[in-house]
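K.L.:
Here is the input, now give the coordinates:
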Amino acid sequence: MNPAPSLPATSICEQARRSRDARFDGLFFVAVSSTGIYCRPVCPARTAKRENVRYFANAAAAEVAGYRPCLRCRPELAPGSDEGQRGNRAVARALKLIEAGALGEQSLDALATQVGVGTRQLRRLFVEHVGAPPISVHTTRRLLFAKQLLTETALPVTEVALASGFRSLRRFHAAFAQANRIAPRELRRHPRAMAGAPLRLRLGYRPPYAFDALLAFLRTRALPGVEQVDDHSYARVFGPADTPGWLRLRAWPGGEHALQLELHCPQPTQILGVVTTLRRMFDLDANPQAITDTFRADPILGPLRRREPGLRLPGGWDGFEIAVRAILGQQISVAAARTLASRIVQRWGAPLPTAPWPDLARLFPTPAALAAADLREVGLTTARAATISGMAQALLDGRVDFRAGQSLDEFVARWVALPGIGPWTAHYIAMRALGDPDAFPAADLILRREATTSATPLGTKALTERANRWRPWRAYAVIHLWRGAADTPPRPRKTETMA
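P.N.:
Next up, the predicted model:
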């Protein structure tokens, strides 16, 4: 049987399964007909006979075929795949929207309209390219997250149902029992925790993963009062202001391919959204091998990638926060932009009633707050203040947004239509707020200088043409080139950037 379009070749799947290669974790799943169970390729159980094995591109396809998740390797811990970056465009957009929770808030008809196809056609495309209909992808995602919460936390079953997107406890019990062949309570491994105790969850990734480099990028941009970054962890507070939450993310002890999330979230319905945001922000679902394959032969990026193969895209917690900081960073240094952003937080950020740590006591201001603010009070130029206030109002009006599933070209076109927003800023926002792997601020002077061996920087057009060979991973080229520039002696330049 030929593999599905989104599966690696059968020979590669077979080799990865037998060697338990962590680089393929989440890129396919192994179903065993003799047990009726599907596993991750890294499952420590005894290797099944080849004649009993089927390969699936994702967990939903395996469950639609009648297999249940393994209790030993726990498919819910596998990193996501890159299905949303390739293949059919409508399917890729729909997958991103489903990951963002679209089918929990709207009908399948509305989702189909949003991606520009009919409902029947979307179902057909999903079965053809994903191996499962959209609603099955949505349901499997929720059930696997519920399975992780039941296994790793002491949340009451009712709160687990709410956290995983089920509004009816009866429907949750029925769906969970059908998928796992056991009731939710039978999976509990933890006794009830003390009231108010934080959750601890594994967030898996495919190796290699340069967590230290990502923390270093975020540390120089950390906003006092809102977030805190040290050599080993990232922490921040988040809203709403009357019932704020907090989180801390660090490497999982013992060298496991995962980060440890410590989370205090008063509202269970926020938990899945927080985890989804962190997976994007820390680029946990990237496929390092695909990026390496693209850069391997490049004379500049090849050596940079070999030196740091686990470099990921450093995202941001909130799109509006990243947009404000991108505008602040136009033609000034990172340190100066951070100073201005800190003043904005102290002046218009909502103070928290109770701070989890002394240095984490405010939320980043809302679009409504900055749309009405006179930002010149904290040292912004008239033009820069007008750009930020105008951008905030555009968000409120719906002229721009950060919704999942929109194309890079569509996003950039809408943002550059705003006064004071050029292609550099729009691509920077797309890279860090959307996690778009192909965003590319080609006008950046550091990129134009580092992408050539000549003493003369490339022009924007020349760099754009050269970068075509790096598609669809141009944003990773940006991070590698910025990182490479930081490791070499500085050369004179006319302007600073947010690099």
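K.L.:
Could you use CA atoms for every contact and neighbour count after this?
P.N.:
OK.
K.L.:
List the buried residues of the strand or helix carrying residue 395.
P.N.:
Here residue 395, judged by DSSP states H and E, is contained in helix 382-397. In terms of neighbour count (16 or more other CA atoms under 10 Å), helix 382-397 has its buried residues at 384-395.
K.L.:
Give the ranges of residues in the stretch 101-250 of the chain that sit below the confidence cut-off.
P.N.:
189-196 (pLDDT under 70).
K.L.:
redo that, cut-off 80
P.N.:
For the stretch 101-250 of the chain, the stretches with pLDDT under 80 are 188-197.
K.L.:
Where do the strands of it begin and end?
P.N.:
Applying DSSP state E, counting those that start in this stretch to the stretch 101-250 of the chain gives strands spanning 199-204, 227-229, 233-238, 245-251.
K.L.:
Check the secondary structure at the nearest residue to residue 201 once chain neighbours are set aside for me.
P.N.:
Spatial nearest neighbour of residue 201, excluding adjacent residues (CA to CA, 6 or more residues apart in numbering): residue 261 at 5.1 Å. Secondary structure, DSSP: H, G, I helix; E, B strand; the rest coil: residue 261 is strand.
K.L.:
For the helix holding residue 395, enumerate the helices and strands it packs against.
P.N.:
Counting contacts by 3 or more CA pairs under 8 Å, 6 or more residues apart in numbering; DSSP states H and E, helix 382-397 is packed against helix 319-328, helix 367-371.
K.L.:
Buried deepest among these, which one?
P.N.:
Mean neighbour count (mean count of other CA atoms under 10 Å) peaks for helix 319-328 among the helices and strands packed on helix 382-397, with a mean of 22.
K.L.:
Tell me the helix or strand right after that one.
P.N.:
That would be, after helix 319-328 and using DSSP H and E, helix 334-348.
K.L.:
and for the top helix by length along the chain, what are the contacting residues?
P.N.:
Longest helix in the chain, counting residues (DSSP state H): helix 134-152. For helix 134-152, contacts defined as CA atoms under 8 Å, 6 or more residues apart in numbering pick out 59-61, 63-64, 75-77, 98-99, 103, 108, 122-123, 126, 155, 157, 160-161, 163-165, 175-176, 179, 184-185, 187-190, 200-201, 272.
K.L.:
now it, how far from the centre of its chain.
P.N.:
Computed by CA atoms, centre = their mean, to the nearest Å, the chain-centroid distance of helix 134-152 equals 18 Å.
K.L.:
again with stretch 167-185
P.N.:
28 Å.
K.L.:
what comes into contact with that stretch?
P.N.:
By CA under 8 Å, 6+ apart, the surrounding residues in contact with stretch 167-185 are 63, 68-69, 143, 147, 150, 157-158, 161, 166.
K.L.:
quick one on the thing from earlier: out of the strands of the stretch 101-250 of the chain, which is closest to residue 332?
P.N.:
Proximity to residue 332 (CA to CA) singles out strand 227-229 among the strands of the stretch 101-250 of the chain, at 21.8 Å.
K.L.:
partners of the closest one in the sheet?
P.N.:
Note on strand 227-229: by DSSP bridges, its sheet partners are strand 233-238 (antiparallel).
K.L.:
re the thing from before, surely the residue nearest to residue 201 is in contact with residue 250?
P.N.:
Yes: the pair residue 261 and residue 250 passes the contact test of CA atoms under 8 Å, sitting 6.8 Å apart.
K.L.:
who wins for proximity to residue 420 among the helices and strands packed on helix 382-397?
P.N.:
Using CA to CA, the nearest of the helices and strands packed on helix 382-397 to residue 420 is helix 319-328, at 8.2 Å.
K.L.:
Return the distance of the closest one from the chain's centre.
P.N.:
Worked out by CA atoms, centre = their mean, helix 319-328 lies 17 Å from the chain centre.
K.L.:
Stretch 265-282 too?
P.N.:
11 Å.
K.L.:
now the helices: where do they sit in the stretch 51-200 of the chain?
P.N.:
Taking DSSP state H, counting those that start in this stretch as the criterion, the stretch 51-200 of the chain carries its helices at 59-64, 89-99, 102-105, 108-115, 119-129, 134-152, 157-163, 169-180.
K.L.:
Check the stretch 351-499 of the chain too.
P.N.:
Under DSSP H, counting those that start in this stretch, the stretch 351-499 of the chain gives helices at 367-371, 382-397, 408-416, 423-429, 445-450, 460-467, 474-486.
K.L.:
Contacts only, for the residue nearest to residue 201.
P.N.:
199-203, 247-250 are the contacts of residue 261 under CA under 8 Å, 6+ apart.
K.L.:
Let's have those residues in CSV, adding distance to residue 446 and neighbour count.
P.N.:
As requested, the contacts of residue 261 are exported to CSV (distance: CA to CA, whole Å; neighbours: other CA atoms under 10 Å):
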residue, distance to residue 446, neighbour count
199, 41, 18
200, 39, 18
201, 38, 21
202, 36, 21
203, 33, 23
247, 34, 20
248, 32, 18
249, 30, 22
250, 30, 19
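K.L.:
out of those residues, which one sits closest to residue 46?
P.N.:
residue 202 (24.1 Å).
K.L.:
so that closest one touches residue 250, yeah?
P.N.:
No: look at residue 202 against residue 250 with CA under 8 Å: they stay out of range, at 10.2 Å.
K.L.:
How much space separates residue 312 from residue 102?
P.N.:
As judged by CA to CA, to the nearest Å, residue 312 and residue 102 stand 26 Å apart.
K.L.:
Looking at those two, which one has more neighbours?
P.N.:
Between residue 312 and residue 102, counted using other CA atoms under 10 Å, the more crowded position is residue 312 (26 against 18).
K.L.:
Per-residue pLDDT of the residue nearest the centre of the chain, please?
P.N.:
Using CA atoms, centre = their mean, the residue of the chain that lies closest to the mean C-alpha position is residue 280, 1.0 Å off. On pLDDT, residue 280 comes in at 97.
K.L.:
secondary structure element for it?
P.N.:
In the assignment (DSSP H and E), residue 280 maps to helix 271-281.
K.L.:
So which elements touch that helix?
P.N.:
Going by 3+ CA pairs under 8 Å, 6+ apart, helix 271-281 lies up against no helix or strand.
K.L.:
Only the buried residues of the next helix or strand after it, if you could.
P.N.:
Sequence order places helix 288-295 as the next helix or strand after helix 271-281, per DSSP H and E. By neighbour count on 16+ other CA under 10 Å, the buried set for helix 288-295 is 288, 291-292, 294-295.
K.L.:
Domains in the protein, by residue range?
P.N.:
10-77, 91-187, 319-486 (automatic domain parsing).
K.L.:
Mind putting these into JSON lines with distance to residue 237?
P.N.:
Shown next, in JSON lines, are these (distance: least, CA to CA, whole Å):
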{"stretch": "domain 10-77", "distance to residue 237": "25"}
{"stretch": "domain 91-187", "distance to residue 237": "19"}
{"stretch": "domain 319-486", "distance to residue 237": "7"}
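K.L.:
To residue 238, which of these lies closest?
P.N.:
Of all the domains of the chain, domain 319-486 sits nearest to residue 238, with 6.3 Å by CA to CA.
K.L.:
Show me how far the closest one is from its chain's centre.
P.N.:
17 Å.
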